[in-house]
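A.B. asks: Build me a model from this:
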Amino acid sequence: MRLARLLRAATLPLVLVTAPATAGPASSETPPEASSWADCLGRIAADAQASGVPQAVADGQLSGLASNPGVLEATRGQAEFVKPIWAYLDATITEATIAEGQRKLAEWATILEAIEQRTGVDRFTLVAFWGVESGYGKVLDDAAIVRPVVQSLATLACGDPGRPGYWRDELIEALRILAQGDVPPARLTGSWAGAMGHTQFMPSVYRAHAVDFDVDGRRDLWSAPDALASTANYLVAMGWRRGEAWGSEAALGERFDYALADETTARSLDAWRGVGVTPVPQREGDGAAQATLVVPAGAGGPAFLLRPNFSAILRYNTSLSYALTVAHLSDRLRGQAAFARDWPRGDRALTEAERRDLQTRLDAHGHTVGVVDGRIGPKTRAAIRAYQAATGLRPDGYADVALLERLRTAP
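C.D. replies: Alright, predicted model coming up:
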(Lines give C-alpha, C1' and ligand atoms only; values in the text may rest on other atoms or scores of the structure.)
Protein backbone atom coordinates (compact mmCIF):
# COMPACT_ATOMS: atom_id res chain seq x y z
CA MET A 1 0.00 0.00 0.00
CA ARG A 2 2.55 2.53 -0.72
CA LEU A 3 3.14 3.09 -4.45
CA ALA A 4 2.23 6.47 -5.81
CA ARG A 5 3.95 7.93 -2.78
CA LEU A 6 7.15 6.49 -4.13
CA LEU A 7 6.64 8.29 -7.38
CA ARG A 8 6.44 11.47 -5.40
CA ALA A 9 9.52 10.49 -3.44
CA ALA A 10 11.27 9.74 -6.65
CA THR A 11 9.71 12.62 -8.51
CA LEU A 12 8.14 12.51 -5.44
CA PRO A 13 4.86 5.05 -5.04
CA LEU A 14 5.54 0.45 -8.55
CA VAL A 15 5.54 -1.48 -11.59
CA LEU A 16 4.56 -3.60 -14.40
CA VAL A 17 7.79 -5.18 -15.39
CA THR A 18 7.62 -8.07 -17.80
CA ALA A 19 10.40 -10.09 -16.22
CA PRO A 20 9.20 -12.85 -13.87
CA ALA A 21 9.56 -12.31 -10.16
CA THR A 22 12.29 -14.94 -10.06
CA ALA A 23 14.48 -12.94 -12.40
CA GLY A 24 17.15 -10.94 -10.59
CA PRO A 25 18.75 -7.72 -11.73
CA ALA A 26 22.15 -7.51 -13.33
CA SER A 27 25.06 -9.19 -11.58
CA SER A 28 26.36 -5.78 -10.50
CA GLU A 29 23.49 -5.70 -8.01
CA THR A 30 24.50 -8.91 -6.29
CA PRO A 31 25.52 -8.08 -2.71
CA PRO A 32 29.18 -8.40 -1.74
CA GLU A 33 28.25 -10.67 1.18
CA ALA A 34 27.06 -13.40 -1.21
CA SER A 35 27.24 -16.23 1.29
CA SER A 36 25.31 -14.26 3.91
CA TRP A 37 22.69 -13.36 1.29
CA ALA A 38 22.36 -16.99 0.18
CA ASP A 39 22.14 -18.19 3.78
CA CYS A 40 19.39 -15.67 4.49
CA LEU A 41 17.39 -16.77 1.46
CA GLY A 42 17.88 -20.39 2.45
CA ARG A 43 16.49 -19.77 5.91
CA ILE A 44 13.49 -17.94 4.49
CA ALA A 45 12.84 -20.74 2.00
CA ALA A 46 12.89 -23.25 4.87
CA ASP A 47 10.53 -21.10 6.93
CA ALA A 48 8.20 -20.76 3.95
CA GLN A 49 8.11 -24.51 3.44
CA ALA A 50 7.46 -25.06 7.16
CA SER A 51 4.45 -22.76 6.85
CA GLY A 52 3.00 -24.70 3.92
CA VAL A 53 4.58 -23.15 0.82
CA PRO A 54 5.58 -25.95 -1.59
CA GLN A 55 9.33 -26.46 -1.90
CA ALA A 56 9.12 -26.00 -5.67
CA VAL A 57 7.69 -22.51 -5.19
CA ALA A 58 9.99 -21.43 -2.35
CA ASP A 59 13.18 -22.71 -3.99
CA GLY A 60 12.06 -21.72 -7.46
CA GLN A 61 11.49 -18.12 -6.44
CA LEU A 62 14.44 -17.64 -4.08
CA SER A 63 17.24 -19.83 -5.39
CA GLY A 64 19.76 -17.72 -7.26
CA LEU A 65 17.86 -14.49 -6.66
CA ALA A 66 19.96 -11.32 -6.59
CA SER A 67 19.33 -8.38 -4.28
CA ASN A 68 18.46 -4.86 -5.42
CA PRO A 69 20.39 -2.11 -3.57
CA GLY A 70 17.98 0.50 -4.92
CA VAL A 71 15.28 -0.99 -2.70
CA LEU A 72 17.33 -0.37 0.44
CA GLU A 73 18.03 3.18 -0.68
CA ALA A 74 14.30 3.80 -1.10
CA THR A 75 13.67 3.06 2.58
CA ARG A 76 15.32 6.39 3.41
CA GLY A 77 13.20 8.55 1.12
CA GLN A 78 9.54 8.14 2.03
CA ALA A 79 8.11 11.54 1.23
CA GLU A 80 5.21 11.36 3.68
CA PHE A 81 7.70 11.12 6.56
CA VAL A 82 10.38 13.59 5.44
CA LYS A 83 8.65 16.37 3.51
CA PRO A 84 6.78 19.23 5.19
CA ILE A 85 3.11 18.31 5.26
CA TRP A 86 2.19 21.12 2.89
CA ALA A 87 4.79 20.01 0.35
CA TYR A 88 3.40 16.48 0.42
CA LEU A 89 -0.16 17.76 -0.04
CA ASP A 90 0.86 20.14 -2.83
CA ALA A 91 2.67 17.40 -4.74
CA THR A 92 -0.40 15.18 -4.70
CA ILE A 93 -3.46 17.38 -4.82
CA THR A 94 -3.25 19.44 -8.00
CA GLU A 95 -5.87 20.66 -10.44
CA ALA A 96 -4.76 17.85 -12.75
CA THR A 97 -5.17 15.10 -10.15
CA ILE A 98 -8.54 16.48 -9.12
CA ALA A 99 -9.73 16.58 -12.75
CA GLU A 100 -8.44 13.07 -13.43
CA GLY A 101 -10.12 11.78 -10.28
CA GLN A 102 -13.42 13.27 -11.35
CA ARG A 103 -13.03 11.55 -14.73
CA LYS A 104 -12.45 8.26 -12.92
CA LEU A 105 -15.56 8.87 -10.82
CA ALA A 106 -17.58 9.16 -14.02
CA GLU A 107 -15.86 6.28 -15.82
CA TRP A 108 -16.33 3.83 -12.95
CA ALA A 109 -19.61 5.21 -11.58
CA THR A 110 -21.51 1.93 -11.79
CA ILE A 111 -18.80 -0.10 -10.06
CA LEU A 112 -18.23 2.58 -7.43
CA GLU A 113 -21.93 2.81 -6.64
CA ALA A 114 -22.11 -0.97 -6.19
CA ILE A 115 -19.08 -0.95 -3.87
CA GLU A 116 -20.50 1.99 -1.93
CA GLN A 117 -23.85 0.27 -1.44
CA ARG A 118 -22.25 -2.98 -0.35
CA THR A 119 -19.59 -1.60 2.01
CA GLY A 120 -20.64 1.91 2.99
CA VAL A 121 -17.30 3.37 1.90
CA ASP A 122 -17.99 6.38 -0.29
CA ARG A 123 -16.69 6.56 -3.85
CA PHE A 124 -14.78 9.80 -3.28
CA THR A 125 -12.61 8.24 -0.60
CA LEU A 126 -11.93 5.18 -2.74
CA VAL A 127 -10.91 7.23 -5.75
CA ALA A 128 -8.75 9.42 -3.52
CA PHE A 129 -6.87 6.34 -2.31
CA TRP A 130 -6.51 5.26 -5.95
CA GLY A 131 -5.06 8.62 -6.92
CA VAL A 132 -2.64 8.86 -4.01
CA GLU A 133 -1.44 5.28 -4.24
CA SER A 134 -0.85 4.82 -7.96
CA GLY A 135 -1.87 7.95 -9.85
CA TYR A 136 -5.14 6.19 -10.77
CA GLY A 137 -3.13 3.22 -12.01
CA LYS A 138 -0.66 5.08 -14.20
CA VAL A 139 2.44 3.85 -12.38
CA LEU A 140 1.47 0.23 -12.94
CA ASP A 141 2.71 0.54 -16.51
CA ASP A 142 5.96 2.29 -15.63
CA ALA A 143 8.73 -0.29 -15.88
CA ALA A 144 11.18 2.27 -14.49
CA ILE A 145 9.27 2.33 -11.21
CA VAL A 146 7.81 -1.10 -10.59
CA ARG A 147 9.84 -4.03 -9.33
CA PRO A 148 9.36 -7.77 -8.82
CA VAL A 149 7.76 -8.13 -5.38
CA VAL A 150 9.70 -11.25 -4.38
CA GLN A 151 13.04 -9.60 -5.13
CA SER A 152 12.14 -6.39 -3.29
CA LEU A 153 10.94 -8.19 -0.17
CA ALA A 154 13.90 -10.55 -0.17
CA THR A 155 16.26 -7.57 -0.37
CA LEU A 156 14.54 -5.95 2.60
CA ALA A 157 14.27 -9.17 4.62
CA CYS A 158 18.00 -9.84 4.26
CA GLY A 159 19.31 -6.28 4.14
CA ASP A 160 17.15 -3.92 6.21
CA PRO A 161 18.21 -4.14 9.87
CA GLY A 162 15.23 -2.10 11.02
CA ARG A 163 12.39 -4.52 10.29
CA PRO A 164 13.77 -7.81 8.93
CA GLY A 165 11.03 -9.89 10.57
CA TYR A 166 8.26 -7.84 8.98
CA TRP A 167 9.79 -8.11 5.51
CA ARG A 168 10.39 -11.85 5.96
CA ASP A 169 6.75 -12.43 6.85
CA GLU A 170 5.57 -10.36 3.87
CA LEU A 171 7.89 -12.31 1.57
CA ILE A 172 6.44 -15.60 2.78
CA GLU A 173 2.94 -14.21 2.19
CA ALA A 174 3.97 -13.29 -1.36
CA LEU A 175 5.18 -16.86 -1.89
CA ARG A 176 1.80 -18.09 -0.61
CA ILE A 177 0.05 -15.95 -3.22
CA LEU A 178 2.17 -17.53 -5.95
CA ALA A 179 1.65 -21.03 -4.53
CA GLN A 180 -2.12 -20.57 -4.60
CA GLY A 181 -2.03 -19.35 -8.17
CA ASP A 182 -3.83 -16.11 -7.32
CA VAL A 183 -1.35 -14.05 -9.35
CA PRO A 184 1.10 -15.27 -12.02
CA PRO A 185 4.79 -14.64 -11.19
CA ALA A 186 5.27 -12.13 -14.00
CA ARG A 187 2.44 -9.99 -12.62
CA LEU A 188 3.52 -10.03 -8.99
CA THR A 189 5.12 -6.62 -9.19
CA GLY A 190 4.95 -3.61 -6.93
CA SER A 191 6.70 -0.82 -5.08
CA TRP A 192 10.13 -1.06 -3.48
CA ALA A 193 8.26 -2.18 -0.34
CA GLY A 194 6.34 -4.94 -2.13
CA ALA A 195 3.00 -3.09 -2.25
CA MET A 196 0.87 -4.21 -5.18
CA GLY A 197 -1.79 -3.08 -7.60
CA HIS A 198 -3.94 0.00 -8.07
CA THR A 199 -4.29 0.66 -4.35
CA GLN A 200 -1.02 -0.83 -3.11
CA PHE A 201 -1.73 -3.78 -0.87
CA MET A 202 1.08 -5.54 0.94
CA PRO A 203 0.95 -9.35 0.47
CA SER A 204 -0.43 -10.01 3.96
CA VAL A 205 -3.16 -7.41 3.45
CA TYR A 206 -3.94 -8.92 0.05
CA ARG A 207 -4.40 -12.38 1.56
CA ALA A 208 -6.60 -11.05 4.38
CA HIS A 209 -8.73 -8.45 2.61
CA ALA A 210 -8.60 -8.69 -1.20
CA VAL A 211 -11.90 -9.59 -2.89
CA ASP A 212 -12.98 -10.79 -6.32
CA PHE A 213 -15.51 -8.07 -7.05
CA ASP A 214 -15.74 -8.63 -10.80
CA VAL A 215 -16.34 -12.35 -10.16
CA ASP A 216 -13.78 -13.68 -12.64
CA GLY A 217 -12.38 -16.21 -10.19
CA ARG A 218 -9.31 -14.18 -9.19
CA ARG A 219 -8.61 -11.53 -6.59
CA ASP A 220 -6.77 -9.24 -8.95
CA LEU A 221 -5.41 -5.95 -7.57
CA TRP A 222 -4.39 -4.98 -11.11
CA SER A 223 -8.11 -4.87 -11.94
CA ALA A 224 -9.70 -1.57 -10.89
CA PRO A 225 -12.98 -3.12 -9.65
CA ASP A 226 -11.18 -5.69 -7.50
CA ALA A 227 -8.68 -3.13 -6.18
CA LEU A 228 -11.30 -0.54 -5.26
CA ALA A 229 -13.57 -3.12 -3.63
CA SER A 230 -10.61 -4.61 -1.76
CA THR A 231 -9.72 -1.17 -0.42
CA ALA A 232 -13.29 -0.69 0.77
CA ASN A 233 -13.22 -4.14 2.37
CA TYR A 234 -10.02 -3.25 4.21
CA LEU A 235 -11.38 0.07 5.45
CA VAL A 236 -14.52 -1.62 6.79
CA ALA A 237 -12.32 -4.10 8.66
CA MET A 238 -10.43 -1.12 10.11
CA GLY A 239 -13.63 0.39 11.48
CA TRP A 240 -15.02 2.56 8.67
CA ARG A 241 -18.41 4.03 9.58
CA ARG A 242 -21.03 4.23 6.84
CA GLY A 243 -22.32 7.70 6.14
CA GLU A 244 -19.78 9.56 8.30
CA ALA A 245 -17.20 12.11 7.19
CA TRP A 246 -13.48 11.81 7.93
CA GLY A 247 -13.64 15.15 9.71
CA SER A 248 -12.98 18.71 8.60
CA GLU A 249 -10.79 21.73 8.89
CA ALA A 250 -11.42 23.81 11.99
CA ALA A 251 -11.27 27.51 12.83
CA LEU A 252 -9.83 28.29 16.27
CA GLY A 253 -10.81 31.20 18.47
CA GLU A 254 -8.25 33.88 19.29
CA ARG A 255 -7.87 32.65 22.87
CA PHE A 256 -7.85 28.95 22.07
CA ASP A 257 -5.89 26.77 24.48
CA TYR A 258 -3.56 24.71 22.27
CA ALA A 259 -3.06 22.18 25.04
CA LEU A 260 -6.50 20.85 24.02
CA ALA A 261 -5.15 19.86 20.57
CA ASP A 262 -3.56 16.69 21.90
CA GLU A 263 -4.66 14.38 19.05
CA THR A 264 -6.11 11.88 21.53
CA THR A 265 -8.92 13.48 23.56
CA ALA A 266 -12.26 13.06 21.80
CA ARG A 267 -15.03 15.58 22.40
CA SER A 268 -18.36 16.14 20.72
CA LEU A 269 -18.42 18.82 18.05
CA ASP A 270 -20.74 20.79 20.31
CA ALA A 271 -18.15 20.56 23.09
CA TRP A 272 -15.43 21.72 20.71
CA ARG A 273 -17.55 24.69 19.72
CA GLY A 274 -17.81 25.50 23.41
CA VAL A 275 -14.03 25.97 23.65
CA GLY A 276 -13.75 28.05 20.50
CA VAL A 277 -13.37 25.43 17.76
CA THR A 278 -15.64 25.69 14.72
CA PRO A 279 -15.79 23.05 11.95
CA VAL A 280 -15.13 24.40 8.43
CA PRO A 281 -17.50 24.07 6.70
CA GLN A 282 -20.16 23.77 9.38
CA ARG A 283 -22.73 21.00 9.03
CA GLU A 284 -26.12 20.80 10.64
CA GLY A 285 -27.16 17.96 12.90
CA ASP A 286 -23.73 16.54 13.79
CA GLY A 287 -23.17 18.22 17.14
CA ALA A 288 -22.95 14.93 19.04
CA ALA A 289 -20.31 13.47 16.72
CA GLN A 290 -16.99 12.79 18.44
CA ALA A 291 -13.73 14.23 17.13
CA THR A 292 -10.13 14.83 18.15
CA LEU A 293 -8.20 17.98 17.28
CA VAL A 294 -4.79 18.19 15.58
CA VAL A 295 -2.68 21.17 14.48
CA PRO A 296 0.03 19.59 12.27
CA ALA A 297 1.94 22.86 11.70
CA GLY A 298 1.17 24.41 15.05
CA ALA A 299 -0.55 27.73 15.58
CA GLY A 300 0.73 29.00 12.23
CA GLY A 301 -1.20 26.52 10.11
CA PRO A 302 -4.63 24.96 9.72
CA ALA A 303 -6.31 22.87 12.41
CA PHE A 304 -8.40 19.73 11.84
CA LEU A 305 -11.18 17.94 13.66
CA LEU A 306 -10.66 14.23 13.05
CA ARG A 307 -13.50 11.74 13.32
CA PRO A 308 -13.30 7.92 13.52
CA ASN A 309 -13.11 7.40 9.75
CA PHE A 310 -9.84 9.31 9.73
CA SER A 311 -8.42 6.60 12.01
CA ALA A 312 -9.39 4.01 9.39
CA ILE A 313 -7.48 6.00 6.76
CA LEU A 314 -4.48 6.12 9.10
CA ARG A 315 -4.55 2.32 9.32
CA TYR A 316 -3.71 2.32 5.61
CA ASN A 317 -0.60 4.39 6.29
CA THR A 318 0.32 5.81 9.69
CA SER A 319 1.64 9.09 8.30
CA LEU A 320 -0.54 12.09 9.15
CA SER A 321 0.58 13.73 5.89
CA TYR A 322 -0.62 10.72 3.92
CA ALA A 323 -3.97 10.36 5.68
CA LEU A 324 -4.74 14.06 5.44
CA THR A 325 -3.88 13.98 1.72
CA VAL A 326 -6.34 11.14 1.07
CA ALA A 327 -9.00 12.88 3.16
CA HIS A 328 -8.58 16.27 1.52
CA LEU A 329 -8.40 14.84 -2.02
CA SER A 330 -11.70 13.05 -1.34
CA ASP A 331 -13.23 16.40 -0.40
CA ARG A 332 -11.84 18.11 -3.49
CA LEU A 333 -13.29 15.33 -5.64
CA ARG A 334 -16.65 16.09 -4.02
CA GLY A 335 -16.27 19.68 -5.21
CA GLN A 336 -15.32 21.21 -1.88
CA ALA A 337 -12.86 24.08 -1.60
CA ALA A 338 -9.21 23.99 -0.59
CA PHE A 339 -8.31 24.57 3.05
CA ALA A 340 -9.38 27.97 4.32
CA ARG A 341 -6.13 28.58 6.18
CA ASP A 342 -2.75 28.22 4.51
CA TRP A 343 0.37 26.51 5.86
CA PRO A 344 3.46 28.31 7.22
CA ARG A 345 5.22 27.93 3.87
CA GLY A 346 8.01 30.29 4.84
CA ASP A 347 9.24 27.96 7.58
CA ARG A 348 12.34 25.93 6.87
CA ALA A 349 11.75 22.24 7.37
CA LEU A 350 14.07 20.47 9.77
CA THR A 351 16.50 18.04 8.21
CA GLU A 352 16.46 14.40 9.30
CA ALA A 353 19.56 15.00 11.42
CA GLU A 354 17.87 17.98 13.05
CA ARG A 355 14.70 16.00 13.73
CA ARG A 356 16.76 13.29 15.41
CA ASP A 357 18.60 15.93 17.41
CA LEU A 358 15.28 17.42 18.48
CA GLN A 359 14.00 14.03 19.61
CA THR A 360 17.22 13.25 21.48
CA ARG A 361 17.10 16.57 23.33
CA LEU A 362 13.43 16.15 24.22
CA ASP A 363 14.27 12.75 25.71
CA ALA A 364 17.13 14.32 27.66
CA HIS A 365 14.68 16.83 29.15
CA GLY A 366 12.41 14.00 30.30
CA HIS A 367 9.87 14.19 27.48
CA THR A 368 10.04 10.79 25.81
CA VAL A 369 9.48 10.48 22.08
CA GLY A 370 9.74 6.70 21.91
CA VAL A 371 12.15 5.75 19.12
CA VAL A 372 14.54 8.43 17.89
CA ASP A 373 13.85 7.93 14.20
CA GLY A 374 13.75 11.42 12.71
CA ARG A 375 10.00 11.23 12.14
CA ILE A 376 7.70 13.74 13.79
CA GLY A 377 4.76 11.56 14.78
CA PRO A 378 2.16 11.64 17.57
CA LYS A 379 4.63 10.72 20.35
CA THR A 380 7.11 13.38 19.31
CA ARG A 381 4.40 16.03 19.01
CA ALA A 382 3.14 15.04 22.48
CA ALA A 383 6.69 15.39 23.85
CA ILE A 384 6.99 18.81 22.21
CA ARG A 385 3.72 19.94 23.76
CA ALA A 386 4.88 18.77 27.17
CA TYR A 387 8.18 20.62 26.82
CA GLN A 388 6.46 23.76 25.56
CA ALA A 389 3.98 23.72 28.44
CA ALA A 390 6.77 23.20 30.97
CA THR A 391 8.76 26.14 29.62
CA GLY A 392 5.92 28.62 29.19
CA LEU A 393 5.64 28.32 25.42
CA ARG A 394 2.42 27.89 23.48
CA PRO A 395 1.90 24.09 23.52
CA ASP A 396 1.05 23.57 19.83
CA GLY A 397 3.39 20.61 19.24
CA TYR A 398 5.13 22.16 16.24
CA ALA A 399 8.70 21.09 15.47
CA ASP A 400 10.49 24.06 13.94
CA VAL A 401 13.95 25.61 13.88
CA ALA A 402 13.19 27.97 16.76
CA LEU A 403 12.18 25.10 19.03
CA LEU A 404 15.32 23.14 18.18
CA GLU A 405 17.54 26.14 18.87
CA ARG A 406 15.84 26.67 22.22
CA LEU A 407 16.45 23.04 23.15
CA ARG A 408 20.08 23.31 22.09
CA THR A 409 20.69 26.26 24.38
CA ALA A 410 18.58 25.03 27.28
CA PRO A 411 20.47 23.94 30.42
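
A.B. asks: Burial check on residue 242, number of neighbours?
C.D. replies: 11 (other C-beta atoms under 10 Å). For every residue, glycine as well, the C-beta is placed using N, CA and C.

A.B. asks: before we move on, what about residue 337?
C.D. replies: Neighbour count for residue 337, taken as other C-beta under 10 Å: 10.

A.B. asks: Quick one: the strands in the stretch 101-250 of the chain, in order.
C.D. replies: For the stretch 101-250 of the chain, strands defined by DSSP state E, counting those that start in this stretch occupy the ranges 147-148, 189-190, 247-252.

A.B. asks: Doesn't residue 304 belong to a helix?
C.D. replies: No - counting by DSSP: H, G, I helix; E, B strand; the rest coil, residue 304 is not part of a helix but strand.

A.B. asks: isn't it right next to residue 324, touching?
C.D. replies: Yes - taking C-beta atoms under 8 Å as the definition, residue 304 is a contact partner of residue 324 at 7.0 Å.

A.B. asks: Spit out the residues that contact the two alike.
C.D. replies: Applying C-beta atoms under 8 Å, 6 or more residues apart in numbering, one finds that residue 304 and residue 324 are jointly contacted by residue 296.

A.B. asks: circling back: same list (the strands of the stretch 101-250 of the chain) but as CSV, adding distance to residue 299.
C.D. replies: What follows is the strands of the stretch 101-250 of the chain, written out as CSV (distance: least, C-beta to C-beta, whole Å):
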stretch, distance to residue 299
strand 147-148, 42
strand 189-190, 40
strand 247-252, 8
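
A.B. asks: Now render the ones you listed as a markdown table, adding mean pLDDT, mean neighbour count and distance to residue 347.
C.D. replies: Formatted as a markdown table, the strands of the stretch 101-250 of the chain follow (pLDDT from 0 to 100; neighbours: other C-beta atoms under 10 Å; distance: least, C-beta to C-beta, whole Å):
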| stretch | mean pLDDT | mean neighbour count | distance to residue 347 |
| --- | --- | --- | --- |
| strand 147-148 | 94 | 26 | 35 |
| strand 189-190 | 95 | 31 | 35 |
| strand 247-252 | 97 | 22 | 19 |
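
A.B. asks: residues touching residue 250, list them.
C.D. replies: Neighbours of residue 250 in contact, by C-beta under 8 Å, 6+ apart: 272, 277-280, 293, 302-305.

A.B. asks: Could you measure from it over to residue 85?
C.D. replies: In this view, residue 250 and residue 85 are 16 Å apart by C-beta to C-beta, to the nearest Å.
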